[in-house]
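1. sequence unknown, structure follows:
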């Protein structure tokens, strides 16, 4: 396998095709437009379907339809567009249909700006749409990982019949890095299954439905969804611990682009003799509470860093269960902190203690 | 002041008018349709505007417009319809416009069912729309309280220039109770202010905007929004503690309809000699963490009860900070537990300990 | 009564209010935007309703609804927007509901341009929507006549329970002329009637419907519509004959702005000793065939002039029944011919004969 | 070539594919739904694109887009749906783009009914959309002819870069007849051309546009459209004369299903010794005025028969130029007259004269 130099957004598109997804429905919005731009050219080459919908409400409902007939399908948007998908996401999750949704997060709220942000963490991991349902959320912090997690996203979507969201930001979407794709050819299409609406000639009719007029049936359906989520929690939590081998005086917690910057800050601090580790959740939902707690237990100081006013910190606090005070460093509006700024904040936090 | 017998949904509508709100935009959905049905008749009597929009996406954007010109305005929907408002809510909060949104929650996810539920707690309190913003969320547990909280909702919306959501469910929406309204006449319309788009003849042009192309400005805007939320947290947390006067062996935590049922269960258990208290958050956002913690500190056992698979429990755990194991009893699908069922669960939890 | 100086589009709006119409639904499009602009300011002063719809498809369906509840209602648009109303017009006519539609025609086809044209004659008088139905079409050629025909439009709409279209163009819409309004105050609202959906408490339910599953009933319904049209034809044809007192060598036929220009050309030609008359249909539908024929019978030469490639000429030929060859002079694209150009064409036609 | 037994609507779909059209966009409506039903199955077999749009407004705009990129494309609807296409048709014609539109006419106006009718004659041949443009309209009267005219429709659309409408009704759409298709294989795709938007790498950018801000340019554009229509009039008029060999006492004029019934009536009358001919326009636009006039000139009596309240009769009168009084027999509401009823009307008309 050879590496090719690609922009993050394009690599996401190519990875979807390699995973066997040739159905894309979406609507343009900066800073994710390179995803559809790439796919509108590539999909015809693989007999795929690219459709620009009339809005994001339409995109997600096209995904609902495509997923219901059993094809691997993808939509992509950025923060305001993802908001418009809230109802559809709830429907798709309720119907237990597999699909992958990319959110190249931008600064909010409202129109906000087009620069990178991580302020859709709450939306991705909690309460976007109505009702009890869960979306698996994956957060890459490099172009290569974006490719790898796209592959995983389609696997998990199919395995659990559940929407999977890949949350990145404009930084990862726009940067170019050498990547290699897991397979040279195209992935398998969605395997034969016993639920998709593929035409019922010669077999019993199947139904894709989220309406349960009997409360008891609806309750049972929700219990099943919850049990599925518990299986996901048991099997699919992913995280990375960086620079933890030799103990550490402070634990940074960050994801995606922010984690990448933390690593540079850690390397910088190391040269000064300060030992700092990073805990990076790769699955934002399910959040790796246990691994996070273990990483926190090994040190006295914890600094949660986010490109938001503080959203993941709620999960970090749930992991800490009061055993640690969690320091916070956040930016908003599309400001990406430099490694120097993170390092400065680390020194400040450590100074407080040693003072 | 005299009491009148009214259905919850109708009382919500009347309370809005008494609060000085005569602009309603919405779209029908069970089980909240009595709100617009009431208002479509009442609003013309007070020279008000009632508009059925073409969808909930339109409703919330009409609210965006109406709020922007400085009139008190209301929309109402139920779970799937509220999902469609995610983008608009983010815009309205970003632009710091006052408005009130009623969510008569129904069973989800997807179409779900039309029976009462509390499974939009996450959506109401976290991550509905994109970006860092907060919505004040009020949860009545009786028709009278629905009236009182509607009055408060308009006050808070105006005071903080922020969307306020009143979260109830079909139980409260459909039940009839005697209520009295805070004032006999109509409330004041939105006071003169220095931000609304009222026509700029003879004064400087005003701008309602959520787009900040400068990341630094957008960051500052987010910092201001966060500071506003901190002021809200400091001043507006509301909760009720029930049957706590003489100590208690177990603390129930529930809101809205569920809290009402808990009170009946508590009265039933009291007759058996079991002393159980209830902590009821009235503001779901900001969640009354401190009062909740204090109520938990006074007992050994905590049972969180929700008409969902467990959403508020995340906030309860944040309040507990690991000091308590939180037991959970939840239903989904529109099943409203009886006081007997809650009492049985309480006995079970207590029995486990005494066993 | 005193005259006021007003723009045509504004005068149309004021005339509607004077006729008792206080319900307007529309969508902006040049060159008719002054109609809604005027009404959005004026209607609140008379407790009226102004609604900007989300599209012209929505506007005409709002008119359908408003007409169905028995209020005088108005929409206004220009050529492409009128096209979007085709389905709704057919429904309204089928349901025999009164309403008034203004078309400030612009150059077509497609986007065309925003300058004046008469190329929606076919659309106004034939086959806009599907099925057998007729729309009464009135064509003013001055601002004062625009006011007078608006008054008439509401009378005819109510009298025949039928849509009435007022067809003008940007020339009349934009020009300022002194006008007087027929009454100082507001006209009467739509009288009590036995068909409107006004709430059926205490009386039999009424139905507004265009669906007839029985072909025999639908046939009878169409026969009734046709008989109504025949009554309209018998009673409502209106036209003007200009400069016909002393005989004429050539008859110009034109409507609206074109007729106005013809009059100037006629005055110019008169000074040269050429006697030319003008036949001007005021009702484009029903077309005044008999008066047109009589005017043609009195001369040897007929010149049909239109700001289109030739549409009314089909009706002129139907009137002529082969007794005359009809010469044609037309422009398209928003070109308004000058009186000189018309006069030159008249001389050319007459020269051909006298040569 | 062998004949296959097919329903009219399905044969229309197959004929489109044989003509090389593999792009279909539409929205379901009775009685044309078999067209999309057939194509949704067949198009994937030939690597075609079938898209159900969200409305007929969307369908025709998708056609606008597809035609603009130079692929043969088809939409299909029935009367109310066709009305919604008025604006789009004007745009497509203005941009001189080729496309084919099927209208399986149903009873109107408004919702009307789902039974066969011919009451969209005006709409098809005049003034559907705004501005000066013309649509070529073809009217088959058998399933075989439907196939043949579909083939012709695509040829004419491409030859003249103009929309072509195939107007049939539920009778032809639903009946089964043996048909043979002109070629066994698929027709040619749209030939290389110098106007379609196919990506401009390596060549000059092309523009598809209907907006002309210069009135002079727009005028010239309209003159070109008119000259094109004149070429169409000169070359493409088609009609059939039936049973005219031995002279006739009365000329029936009818199209489509009505013409077919006339032929049966004629055969019946022949057995009684009455010689009646039929003139059947195959192109409704351009109407074959000259052939129609010639057929009328050969007899004393003319009876125009339509499944409407009388629309084509305007063109018949234009052809007659006052030389004949045109008798009329029409039905509405979906009533298809029997040959007996037509024969009775013929006897009545002839009796009047011989009495």
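-> Good, I have the coordinates. These numbers were taken from a predicted model, which means no experiment stands behind them.

2. Which residues are in contact with the spatially closest residue to residue A:175 that is not a sequence neighbour?
-> Taking Cβ to Cβ, 6 or more residues apart in numbering or on different chains as the measure, residue A:175 lies nearest to residue A:8, with 5.6 Å between them; neighbours along the chain are not counted. Every residue, glycine included, has its C-beta placed from N, CA and C. When contacts are counted by Cβ atoms under 8 Å, 6 or more residues apart in numbering or on different chains, residue A:8 is found next to A:143, A:146, A:168, A:172-177.

3. Reformat the residues you listed as JSON lines; add secondary structure, distance to residue B:19 and pLDDT.
-> Conversion of the contacts of residue A:8 to JSON lines gives the following (DSSP: H, G, I helix; E, B strand; the rest coil; distance: Cβ to Cβ, whole Å; pLDDT from 0 to 100):
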{"residue": "A:143", "secondary structure": "helix", "distance to residue B:19": "53", "pLDDT": "97"}
{"residue": "A:146", "secondary structure": "helix", "distance to residue B:19": "49", "pLDDT": "97"}
{"residue": "A:168", "secondary structure": "strand", "distance to residue B:19": "44", "pLDDT": "96"}
{"residue": "A:172", "secondary structure": "helix", "distance to residue B:19": "47", "pLDDT": "95"}
{"residue": "A:173", "secondary structure": "helix", "distance to residue B:19": "45", "pLDDT": "93"}
{"residue": "A:174", "secondary structure": "helix", "distance to residue B:19": "47", "pLDDT": "92"}
{"residue": "A:175", "secondary structure": "coil", "distance to residue B:19": "51", "pLDDT": "94"}
{"residue": "A:176", "secondary structure": "strand", "distance to residue B:19": "55", "pLDDT": "95"}
{"residue": "A:177", "secondary structure": "strand", "distance to residue B:19": "56", "pLDDT": "95"}
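
4. Quickly name whichever of those is closest to residue D:335.
-> Looking at the contacts of residue A:8 and their distance to residue D:335, the nearest is residue A:173, at 62.5 Å (Cβ to Cβ).

5. surely residue A:82 meets residue A:129?
-> No: applying Cβ atoms under 8 Å, one finds residue A:82 not in contact with residue A:129, separated by 10.9 Å.

6. Spell out the residue ranges of the strands in chain A.
-> Using DSSP state E, the strands of chain A run over residues A:4-7, A:23-26, A:49-52, A:73-77, A:99-105, A:136-138, A:163-169, A:176-179, A:239-242, A:250-253, A:276-281, A:283-285, A:301-306, A:326-330.

7. who wins for proximity to residue D:194 among those?
-> Nearest to residue D:194, of all the strands of chain A, is strand A:49-52, at 26.4 Å by Cβ to Cβ.

8. How far off centre is that closest one?
-> Computed by Cα atoms, centre = their mean, to the nearest Å, the chain-centroid distance of strand A:49-52 equals 23 Å.

9. what do you get for stretch A:161-174?
-> Distance, centroid of stretch A:161-174 to centroid of chain: 5 Å (Cα atoms, centre = their mean).

10. And that stretch, what's buried?
-> Under the neighbour-count criterion of 16 or more other Cβ atoms under 10 Å in any protein chain shown, stretch A:161-174 has A:161-173 buried.

11. Reformat these as a markdown table; add distance to residue C:270.
-> Written out in a markdown table, the entries for the buried residues of stretch A:161-174 read as follows (distance: Cβ to Cβ, whole Å):
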| residue | distance to residue C:270 |
| --- | --- |
| A:161 | 85 |
| A:162 | 85 |
| A:163 | 79 |
| A:164 | 83 |
| A:165 | 79 |
| A:166 | 80 |
| A:167 | 80 |
| A:168 | 79 |
| A:169 | 78 |
| A:170 | 74 |
| A:171 | 79 |
| A:172 | 80 |
| A:173 | 75 |
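
12. Now the two most distant members of these.
-> Put simply, by Cβ to Cβ the two of the buried residues of stretch A:161-174 set farthest apart are A:161 and A:171, 31.8 Å from each other.

13. Now residue A:10. Nearest residue, chain neighbours left out?
-> In space, not counting the residues next to it along the chain, residue A:10 is nearest to residue A:38; the distance is 4.3 Å by Cβ to Cβ, 6+ apart.

14. Burial check on that neighbour, number of neighbours?
-> Neighbours of residue A:38 under the rule other Cβ atoms under 10 Å in any protein chain shown: 21.

15. show me the contacts for it.
-> With Cβ under 8 Å, 6+ apart as the criterion, the residues that contact residue A:38 are A:9-10, A:13-14.

16. same thing with residue A:90?
-> Residue A:90 makes contacts with A:128-131, A:133, B:80, B:83, B:108-110, as judged by Cβ under 8 Å, 6+ apart.

17. And the residue lying closest to it once chain neighbours are set aside, how far from residue C:201?
-> What sits nearest to residue A:90 in space, not counting adjacent residues and going by Cβ to Cβ, 6+ apart, is residue A:129, at 3.0 Å. Between residue A:129 and residue C:201 the distance is 40 Å, computed by Cβ to Cβ, to the nearest Å.

18. more neighbours, these two?
-> Neighbours were counted for residue A:129 and for residue C:201 using other Cβ under 10 Å; residue A:129 has more, 32 against 5.

19. isn't the more buried one right next to residue A:87, touching?
-> Yes: contact between residue A:129 and residue A:87 holds when scored by Cβ under 8 Å: they sit 5.9 Å apart.

20. Now for those two: what residues contact both?
-> Shared contacts of residue A:129 and residue A:87 (Cβ under 8 Å, 6+ apart): residue B:83.

21. follow-up on the earlier one: among the contacts of residue A:90, which lie within helices?
-> In helices, judged by DSSP state H, the following of the contacts of residue A:90 are found: B:80, B:83.

22. Highest neighbour count among the contacts of residue A:90?
-> Most crowded among these, counting by other Cβ under 10 Å, is residue A:130 at 36 neighbours.

23. right, is the longest helix seen in chain A up against chain B?
-> As assigned by DSSP H, the longest helix anywhere in chain A is helix A:215-236. Yes: Helix A:215-236 comes into contact with chain B (Cβ under 8 Å from any Cβ of the partner chain), by way of A:215-223, A:225-226.

24. Spit out the contact partners of the nearest residue in space to residue A:325 that is not next to it in sequence.
-> In space, residue A:325 comes closest to residue A:302 once its chain neighbours are excluded; the distance is 7.7 Å by Cβ to Cβ, 6+ apart. Contact criterion Cβ under 8 Å, 6+ apart gives A:250-251, A:253, A:296, A:316, A:320, A:324-327 as the residues in contact with residue A:302.

25. let's go with 10 Å and repeat that
-> The neighbourhood of residue A:302, defined by Cβ atoms under 10 Å, 6 or more residues apart in numbering or on different chains, consists of A:250-253, A:279, A:292, A:295-296, A:313, A:316-317, A:319-320, A:323-328, A:349.

26. ok, now residue A:235?
-> Counting by Cβ under 10 Å, 6+ apart, the residues that residue A:235 touches are A:156, A:159-160, A:286.

27. hmm, which helix or strand of chain A has the shakiest average pLDDT?
-> For chain A, using mean pLDDT, DSSP states H and E, the weakest element among its helices and strands is helix A:339-354, scoring a mean of 86.

28. Name the residues of it that are buried.
-> Going by neighbour count (16+ other Cβ under 10 Å), the buried part of helix A:339-354 is A:339, A:341-343, A:345-346, A:349-350.

29. is that helix anywhere near chain B?
-> No: applying Cβ under 10 Å from any Cβ of the partner chain, one finds helix A:339-354 out of contact with chain B, separated by at least 12.6 Å.

30. Can you name every helix or strand that that helix contacts?
-> strand A:250-253, helix A:256-271, strand A:276-281, strand A:301-306, strand A:326-330 (3 or more Cβ pairs under 10 Å, 6 or more residues apart in numbering or on different chains; DSSP states H and E).

31. cutoff 7 Å now
-> Under the contact criterion of 3 or more Cβ pairs under 7 Å, 6 or more residues apart in numbering or on different chains; DSSP states H and E, the helices and strands touching helix A:339-354 comprise strand A:250-253, helix A:256-271, strand A:301-306, strand A:326-330.

32. Report the angle between it and helix A:256-271.
-> Interaxial angle, helix A:339-354 versus helix A:256-271 (axes from the mean of the first three to the mean of the last three Cα atoms, to 10 degrees): 60 degrees.
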